[in-house]
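J.: Below are the sequence and a predicted model; questions follow.
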Amino acid sequence: MHVGMAAVFQNPHNKQSDHEVYQDELRLTDLAEPLGFDSIWGVEHHFTDYTMCPDVLQFLTYMAGRTQKIKLGSMVVVLPWHDPMRVAEQISMLDMMSGGRLILGLGRGLGRIEFEGFGLDMSESRPRFIECAQTVLEGLEKGYCEFDGEFIHQTRRDIRPRPRTSFRGRTYAAAVSPESSQIMARLGVGLLIIPQKPWDEVAKELDRYREMYLRENGEEAPPPICAGWTFCDENEERAYEMAKKYIVGYWETVIRHYEFTADHFKNFKGYEYYVKMTDKINKYGLDEVSDFFLNLQIWGTPEQCYEKILKNRLIIGYESFVGVFSYAAMPYVEAERNLRLFAKAVMPELQKVPALKEQSRQSA
């Protein structure tokens, strides 16, 4: 298995200065390659303390210069907030400077505060994302961008530096709603799974995605990449206590940033799934929903973390796990202990696990 780590740069309720958050998170990311992680990931968000990384490609460029071999993943570049021509150039430039280490992750965005901050209509996010994605993905394969659509009007221009290798097979997109996963299948990109709904439901949607991917692209879809908020401790009781405090604390920042207790999603086309999600949160209450989110994540002793990752892998078939080890104002000393224990006791065992297809051949 491929094992990565993600930095999210949270500062909930401004408990630290933003400078202190950045210093701590960058200290952790500097440990990724020496500890043996296969990849380092960043996320993109704007304007709030939820995630203070407004330019994920800039962060990854910084990490490219501080590392030698580790892969660099974007989780995600939110295309509707960008000019696709500029994004294609930035992607090609980063991939060139890093020696082809980029794993490209794309998304369409969900936060009302972010769309309003950029003066964009959320109702246009899905068609705008599709046009941006087509412009960028086709451009990276052809070496130039050219598109004339409803939202994107790009005169043919070369991408310089020219992309050295194809991005097919190393491009993924976050897709929470069933409709989005179908769009990603048509675009020919893999899926990035952010755990927030029952695994059996995710598995069913992945089956439909894989069927459409094969039909549209004439080949099997790549295995999904799965992220997970992680807390690893030698003591089972302490692992639960810390997960309850910090993973649930993270979920509370999700609720606040995306306004999941409000009813605004019904006003925006393309967010019908999130109307249902908001209804469920309001129906069951924050405590029950928080416990549900907690139990989707990876926490416990090293043995328990390992078992949970492999159990979820069997359900949805992922071959890459990306752990988030610092979040919700977790003190640096706890985040580093969490990261180091996982890297020492869990990651090496995961990296020994053969691909599911290989396991199937061995058992046949």
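T.: Perfect, I can see it now.
J.: low-confidence ranges in the stretch 251-364 of the chain?
T.: Residue ranges of the stretch 251-364 of the chain with pLDDT under 70: 359-364.
J.: Next, count neighbours for the closest residue in space to Gly270 that isn't next to it in sequence.
T.: Among residues not flanking Gly270 along the chain, Arg126 sits closest, at 3.9 Å (CB to CB, 6 or more residues apart in numbering). Placement of C-beta: from N, CA and C, glycine included. By other CB atoms under 10 Å, the residues close to Arg126 number 20.
J.: correct me, but Trp299 touches Glu236?
T.: No. At 9.7 Å, Trp299 does not count as touching Glu236 under the criterion of CB atoms under 8 Å.
J.: neighbour count winner among these two?
T.: Neighbours were counted for Trp299 and for Glu236 using other CB under 10 Å; Trp299 has more, 25 against 13.
J.: quick one: what helix or strand has the more buried one in it?
T.: strand 298-300 (DSSP states H and E).
J.: List the residues that contact the residue nearest to the spatial centre of the chain.
T.: The chain has Met75 as the residue nearest its centroid, 3.6 Å off, counting by CA atoms, centre = their mean. Met75 makes contact with Ala6, Trp41, Gly42, Val43, Val56, Gly105, Ala174, Leu192, Ala227, Val322, according to CB atoms under 8 Å, 6 or more residues apart in numbering.
J.: do the same with Arg210
T.: Neighbours of Arg210 in contact, by CB under 8 Å, 6+ apart: Ala185, Glu220, Ala221.
J.: which secondary structure element contains it?
T.: Per DSSP H and E: helix 199-217 holds Arg210.
J.: Can you give me the buried ones in that helix?
T.: Val202, Glu205, Leu206, Tyr209, Arg210, Met212, Tyr213 (16 or more other CB atoms under 10 Å).
J.: Rebuild the residues you listed as JSON lines, extending it with distance to Ala343 and pLDDT.
T.: Shown next, in JSON lines, are the buried residues of helix 199-217 (distance: CB to CB, whole Å; pLDDT from 0 to 100):
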{"residue": "Val202", "distance to Ala343": "27", "pLDDT": "96"}
{"residue": "Glu205", "distance to Ala343": "31", "pLDDT": "95"}
{"residue": "Leu206", "distance to Ala343": "28", "pLDDT": "96"}
{"residue": "Tyr209", "distance to Ala343": "31", "pLDDT": "97"}
{"residue": "Arg210", "distance to Ala343": "32", "pLDDT": "97"}
{"residue": "Met212", "distance to Ala343": "37", "pLDDT": "97"}
{"residue": "Tyr213", "distance to Ala343": "33", "pLDDT": "97"}
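J.: TSV for those residues, including distance to Ile152?
T.: Shown next, in TSV, are the buried residues of helix 199-217 (distance: CB to CB, whole Å):
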residue	distance to Ile152
Val202	31
Glu205	28
Leu206	29
Tyr209	25
Arg210	29
Met212	24
Tyr213	24
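J.: can you give me the helices in the chain?
T.: Ranges of helices within the chain are 18-35, 56-66, 84-98, 112-117, 125-142, 178-187, 199-217, 236-258, 272-284, 286-296, 302-316, 332-345, 347-352, 356-363, based on DSSP state H.
J.: which of these sits most buried?
T.: Mean neighbours per residue, mean count of other CB atoms under 10 Å, is largest over the helices of the chain for helix 125-142, with a mean of 22.
J.: follow-up on the earlier one: quick one: mark the members of the contacts of Met75 that sit in strands.
T.: Ala6, Trp41, Gly42, Gly105, Ala174, Leu192, Ala227, Val322 (DSSP state E).
J.: Excluding covalently adjacent residues, which one is nearest to Leu35?
T.: Excluding its sequence neighbours, the residue lying closest to Leu35 (CB to CB, 6+ apart) is Ala343, at 4.0 Å.
J.: next one: Thr165
T.: Nearest to Thr165 is Gly100, by CB to CB, 6+ apart, at 5.7 Å.
J.: Next, give phi and psi for that neighbour.
T.: Dihedral pair for Gly100: phi 80, psi 30, per degrees, to the nearest 10.
J.: and of the helices of the chain, who's closest to His264?
T.: helix 112-117 (5.9 Å; CB to CB).
J.: Just checking the distance from that closest one to the centre of its chain.
T.: Computed by CA atoms, centre = their mean, to the nearest Å, the separation of helix 112-117 from the middle of its chain amounts to 20 Å.
J.: wouldn't Gly4 be in contact with Tyr318 here?
T.: No. Counting by CB under 8 Å, Gly4 stays clear of Tyr318, with 11.7 Å between them.
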